[in-house]
Structure formats: C-alpha cells, structure tokens
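Student: The following block contains a protein sequence and its predicted model.
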Amino acid sequence: MNSPLNIRLWFRQNMGARLALVCFGWSFLAALLITLWLVQHEKNEALQHAEAELHKISQSYLPGLSDALWTMDPQRLRSQLEALKQFPELARIELTDDSGKLTRIDLRPLQQLLLEHRYPLEVQIQGQHFQLGELHLMVDAERLNNQMWETANAGLLTSFFTLFLSSLLLLRLFHRWVTRQLHQLALYARQLNANNLSASLVLPDSTFYTDDEIGAIVDAFNGMQQRLAKELQHRTAVEEELKSYQAELELMVEQRTAQLAAQTKRLEQQSVLLQEQNADLNAFAHTVAHDLKHPLTNLIGTTRLLTGVAAELDTAQQQKFLTEILTASQKMNVMIDALLQLAALHSEVEVTKTDVVIEQTIEEAKHHLQPLIDEYHSQIRLCGPFPTVKAHPQWLVEIWLNYLSNAIKYGGKPAAIEIGIDPMTNETKEWRFWVRDHGDGIAADQKDKLFAEFSRLHSVRADSHGLGLSIVRRICHKLGGSCGYESAPGGGSKFWFTLPLTAASR
C-alpha cells in the first residue's frame, strides 16, 4: 500500500494528474454552483406557486366563509372548510370566529413552515364593516425540501460521474500525447553532455508529432545538439592554444594585480582625503559666509551707530551698545576657536594618550558650564563608577562640554541629565559612555545629520553654529572610538561615545 508521502511525490511528478485534478475540481465547483442556482430557482418557483394558490383561496373562499359565519350556518361552514382541503400545498387550516373559538384542521404534519397568511373575515352592511373572525393558512416546506434534495442529488451525481470519467479520459490522453514524450525529452536532456553529442533525439511515433509543439521541441533539441558539438570542437582548439600562454599570463597578471592594488589603495586614500578636505572647505566657506557674517554685521552696525551718535547717548545706552559689541565679538571668537579645533582634528599627527580619570573630565566640563547650568536650573547625576581610560584628557572634556550643553538647552525645563556607562560583558571590546536627558528627543529626519559638520542640532536657536557634534565625531575617530544617538526608553535623547578597551576598570 502506497504511503501518503509516496502519493504526494507521485502527484508532484505527474503533470497530467495535476491537470486532470484541477480540471475536475473547477468543473465540479461550476456544477455545484449551477445545481445550487437550480435548487434556489425551484424554491422561488414553489414559493410563487404557493402564493398564487393562497391568493386563489382568498378570492374564492373568503366571501363564503364570511357569509357562513354571519348567518351562523355550521353546515355551510364545514363544507367551505372541507373544500379548502383540496389544495395540496396546505398543511394546516385555523379558523377563529368572533367569540375566539379556534377550529384547526391538520392536513399533514407541519415540520417546517414555508409560508403562512392570515385573512380577516368580515361583512359590509349598509356601509358598515363587521369583523367575524380570521382565517390562518399555513404551507409546509417538507415537500419542497424533498424536491430540492432530489434535484441536487441528481445533478451532483450526474456531474460527478461525468466529470470523473472526463478527467480519466483527459489523464489518459495527456499521458499518451504529452507526458510520455516529455519524459523522453527530459531523459535525452539529462544524457546530453560533452561526451554524448553525436546522438540525435528521436521519439516513438515521431511522424505523429512532426508538426505540433512536441515536434518543434524535438527540432530545437537536435539543432542545439549540433551547435553544441561545433562549439565543443572550437572550444577544444582554443583551450589547447591558451594552455601554452597560461603560465606566463598568470605571472604577469599576478605582478600587475599587486601593482594595481597598491596604486588603488593609495588613490582611495587620497580620494577620501580630498573629499573630506573639499567638504571642509565648502562647509567652512558656508559658515564664514552665513554664521560669521551675521555677528560681524551686527558689530559693524552697532559700531557705526555708536560712532555717529555717541555724544547724544547717555551712559546706560552706551553701555548697552558696548555689551552688544562684546557679545557679537565673543560669539565670533567661539566660532573661530571651534573652526581651529576642527582643523586641528583633521591633522594626521598622532596624539599622545595618557591615563585619564573620567570623573575628573566630567567635573571640569561641569565647571565650565556652571553659568549655563545655573541659568537653566539643570540637574546632573552621575551613574558610576567610571573607569580610568587611555585618552587625551582635554578632548574628553570637549566631548562632555558638547553633550552636556545640548542636554542642558534641549533636555527639558529644567533638564534632568544622567551620565553613565554601559556594563561590561564578555563580548565588549570598548567602553561605552552616554549622556541622557528627558526632553522632546530628535526628529527622525534630523538623526542622520546630527554629527555632520556645520549641521545645527536645533535650527530654531541662533546660538548654534553646527560644529559641536562634528568635533565630537572627529575626537572619537582620533581616539579609535565612535559616537552616536538613540532615543532613550521612556522619552528623551541618549548621546553616546565609545573608547577602545585599553585599561581595566578601577
């Protein structure tokens, strides 16, 4: 007995069986839908016929029943009810007179109600209507259900056996005309190789398939076989010729490849350097043209105004103008220092690294930012302990200055800032420090621009010149680490940087 696995394998490998099964399935589904439509159509016709019969009863017998009730003639009433029994569609007749007396006649068991109607019985005398009772007629659906079931069974059985025999005939014809020939084609294709290109493909009863699709495939296979034989002869000749040059060419290629690899590496390094320098030059020109021009314009305007009307101004007004000049000058000085620091970071000179205590660099940064911390009423909490690392201390202070200043300004009102380090694991190869705030975070379209040079973190503030995070990125690169941003759990921002693992934690 074949197992289900063997049957499924045979079914996947037999295209004719799949085709016959699909045709049988779709045809049987169509036959099923048509049968359901016929059954529904027969049901609708039966309902219409029952409605017509009940309408005929209402037209023919309601006046007689009303007169019999009005004249109180029981003999006539019984005859009218007996006459109603001739209608085969009726299953139950119920007559209720004006006193509430119910007369019920069961013509057959009422198993499933198909249709019912209630007809009032009344007479009209001198323009007045007198209610005499009600006639309730009910039609059973049993006979209709039996008819529909017989129709469905007959249709489905006829369709099933017709489609089953048609599918078997289709399977047989497909196997004889298509499957057997395709099997020969597949066998020939598997046997066709470089050592067997002389034999042509010949099918059994080949004259029968000369002009159809199978014959076209046979011709295509034979043409391919002849072309492959010619190509094989040509390839053999070419290979013999190439073998004489192979050793020499391999040596030449190896030498040339080494030269090209060295040149390519140098060119790539020079290209990267040139691209960075070009980007820095373009960004520097942009910064000078836009960011330095604004405070310089304010400085020139204020100076001219102070020069022209100095005698007319009182001491408070003069002090105000001088303060504006000092503020603009200090802003330009900060920007120029940042540009000079960025240029120094571009230098290829190796920096000397020493043992640095992280808490000391954080405290130094907090000392520089104390006026800003007091202005924004910020709170900074250290989540230590922190290790001692190999780095340049002033560069670490610069990283903390940039991260903390951004957190103070944009990390909430007031900002609650945390400084911490991720725990060590066996897979960790570097220290990972971070600064977290609870502000609004960074929009998704700004994340890719955070550490780009001359890109402002918050363009709505005029006190940002777009150099801080780019300096952080350069410092981390110089120290052999990296930096980045991620959304903090529960809201806010988390800026981080890494340093190589060159010293054990304290």
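Tutor: Here it is on my side, so go on. Numbers count the residues shown, from 1 in each chain.
Student: Any chance of the backbone angles for residue 93?
Tutor: Per-residue torsions, residue 93: phi -120, psi 130 (degrees, to the nearest 10).
Student: Numbering from 52 from now on, please.
Tutor: With 52 as the first residue, the last one maps to residue 144.
Student: What strand or helix carries the nearest residue in space to it that is not next to it in sequence?
Tutor: Leaving aside its sequence neighbours, residue 144 sits nearest to residue 156 (C-beta to C-beta, 6 or more residues apart in numbering; 4.3 Å). Every residue, glycine included, has its C-beta placed from N, CA and C. Taking DSSP states H and E as the criterion, residue 156 maps to strand 153-157.
Student: Please export the C-alpha coordinates of that strand as CSV.
Tutor: The C-alpha trace of strand 153-157 is given here as CSV (Å, rounded to 0.1, in the frame of the first residue of the first chain):
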residue,chain,number,x,y,z
LEU,A,153,-60.5,28.1,17.3
THR,A,154,-61.1,25.4,14.7
ARG,A,155,-57.9,23.7,13.4
ILE,A,156,-57.6,21.2,10.6
ASP,A,157,-54.2,19.4,10.2
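Student: Which elements pack onto that strand?
Tutor: For strand 153-157, the packing partners by 3 or more C-beta pairs under 8 Å, 6 or more residues apart in numbering; DSSP states H and E come out as helix 125-135, strand 141-148.
Student: quick one, the first one and strand 141-148 angle?
Tutor: Interaxial angle, helix 125-135 versus strand 141-148 (axes from the mean of the first three to the mean of the last three C-alpha atoms, to 10 degrees): 160 degrees.
Student: you'd agree residue 221 is up against residue 74?
Tutor: Yes: Residue 221 is within contact range of residue 74, at 6.2 Å (criterion: C-beta atoms under 8 Å).
Student: circling back to that earlier point, highest average neighbour count across the helices and strands packed on strand 153-157?
Tutor: With neighbours taken as mean count of other C-beta atoms under 10 Å, these reach their highest mean count in strand 141-148, at a mean of 19.
Student: Below-threshold pLDDT in the stretch 352-501 of the chain: ranges please.
Tutor: By pLDDT under 70, the weakly predicted segments of the stretch 352-501 of the chain are 359-362, 379, 381-402, 476-479, 496, 498-500.
Student: Which stretches in it count as strands?
Tutor: Using DSSP state E, counting those that start in this stretch, the strands of the stretch 352-501 of the chain run over 405-408, 430-434, 439-442, 467-472, 481-487.
Student: and the helix or strand hosting residue 74, how far from the chain's centre?
Tutor: When secondary structure is defined by DSSP H and E, residue 74 falls within helix 66-122. Centre-to-centre, helix 66-122 and its host chain are 48 Å apart (C-alpha atoms, centre = their mean, to the nearest Å).
Student: Of all the helices and strands in the chain, which has the lowest average confidence?
Tutor: helix 55-64 (a mean of 62; mean pLDDT, DSSP states H and E).
Student: Next, name the residue at the spatial heart of this protein.
Tutor: residue 495 (18.7 Å; C-alpha atoms, centre = their mean).
Student: mind listing what it touches?
Tutor: By C-beta atoms under 8 Å, 6 or more residues apart in numbering, the contact set of residue 495 is empty.
Student: Now do the lengthiest helix in the chain, average pLDDT.
Tutor: Of all segments of type helix in the chain, defined using DSSP state H, the longest is helix 264-341. Averaging pLDDT along helix 264-341 gives 75.
Student: how far does it sit from the chain's center?
Tutor: 37 Å.
Student: Report all helices and strands that it contacts.
Tutor: helix 231-242, helix 366-396.
Student: Run the angle between the helix holding residue 74 and helix 125-135 for me.
Tutor: 170 degrees.
Student: For residue 216, see how far away residue 98 is.
Tutor: 36 Å (C-beta to C-beta, to the nearest Å).
Student: neighbour count winner among those two?
Tutor: residue 98 (15 against 10; other C-beta atoms under 10 Å).
Student: Can you give me every residue that contacts that one?
Tutor: 165, 166.
Student: same question, residue 463
Tutor: 488, 489, 490, 543.
Student: and these as a markdown table, adding distance to residue 325?
Tutor: Putting the contacts of residue 463 into a markdown table (distance: C-beta to C-beta, whole Å) gives the following:
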| residue | distance to residue 325 |
| --- | --- |
| 488 | 38 |
| 489 | 43 |
| 490 | 39 |
| 543 | 39 |
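Student: who wins for most neighbours among the residues you listed?
Tutor: Busiest of the contacts of residue 463 [other C-beta under 10 Å] is residue 488, holding 26 neighbours.
Student: For that residue, grab phi and psi.
Tutor: According to degrees, to the nearest 10, residue 488 has phi -130, psi 180.
Student: State the distance from the closest residue to it other than its chain neighbours to residue 412.
Tutor: Ranked by C-beta to C-beta, 6+ apart and with sequence neighbours excluded, the top spatial neighbour of residue 488 is residue 462, at 2.6 Å. Relative to residue 412, residue 462 is positioned 20 Å away (C-beta to C-beta).
Student: can you check residue 273 too?
Tutor: Taken as C-beta to C-beta, the span from residue 273 to residue 412 is 82 Å.
Student: Which one of these two is surrounded by more residues?
Tutor: residue 412 (22 against 15).
Student: Looks like that one contacts residue 447 (just checking).
Tutor: Yes: at 4.3 Å, residue 412 and residue 447 qualify as touching, with contact defined as C-beta under 8 Å.
Student: Now do residue 214: how many residues are near it, please.
Tutor: With other C-beta under 10 Å as criterion, residue 214 counts 20.
Student: With mean neighbour count as added columns, please give the strands of the stretch 352-501 of the chain in a markdown table.
Tutor: As requested, the strands of the stretch 352-501 of the chain are arranged in a markdown table below (neighbours: other C-beta atoms under 10 Å):
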| stretch | mean neighbour count |
| --- | --- |
| strand 405-408 | 14 |
| strand 430-434 | 14 |
| strand 439-442 | 20 |
| strand 467-472 | 19 |
| strand 481-487 | 21 |
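Student: Dump the ones you listed into a markdown table; add distance to residue 539 as well.
Tutor: Below are these laid out as a markdown table (distance: least, C-beta to C-beta, whole Å):
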| stretch | distance to residue 539 |
| --- | --- |
| strand 405-408 | 26 |
| strand 430-434 | 13 |
| strand 439-442 | 24 |
| strand 467-472 | 9 |
| strand 481-487 | 5 |
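Student: Please name whichever of these is nearest to residue 535.
Tutor: Ranking those by proximity to residue 535 (C-beta to C-beta) places strand 481-487 first, at 9.7 Å.
Student: that older thread, which one of the contacts of residue 463 is nearest to residue 90?
Tutor: When the contacts of residue 463 are compared against residue 90 (criterion: C-beta to C-beta), the nearest one is residue 543, at 68.0 Å.
Student: now what about stretch 114-123, what contacts it?
Tutor: Outside stretch 114-123, the residues that reach it (C-beta under 8 Å, 6+ apart) are 124-125, 127-128, 131-132, 146, 148-149, 172-174, 181, 183-184, 186.
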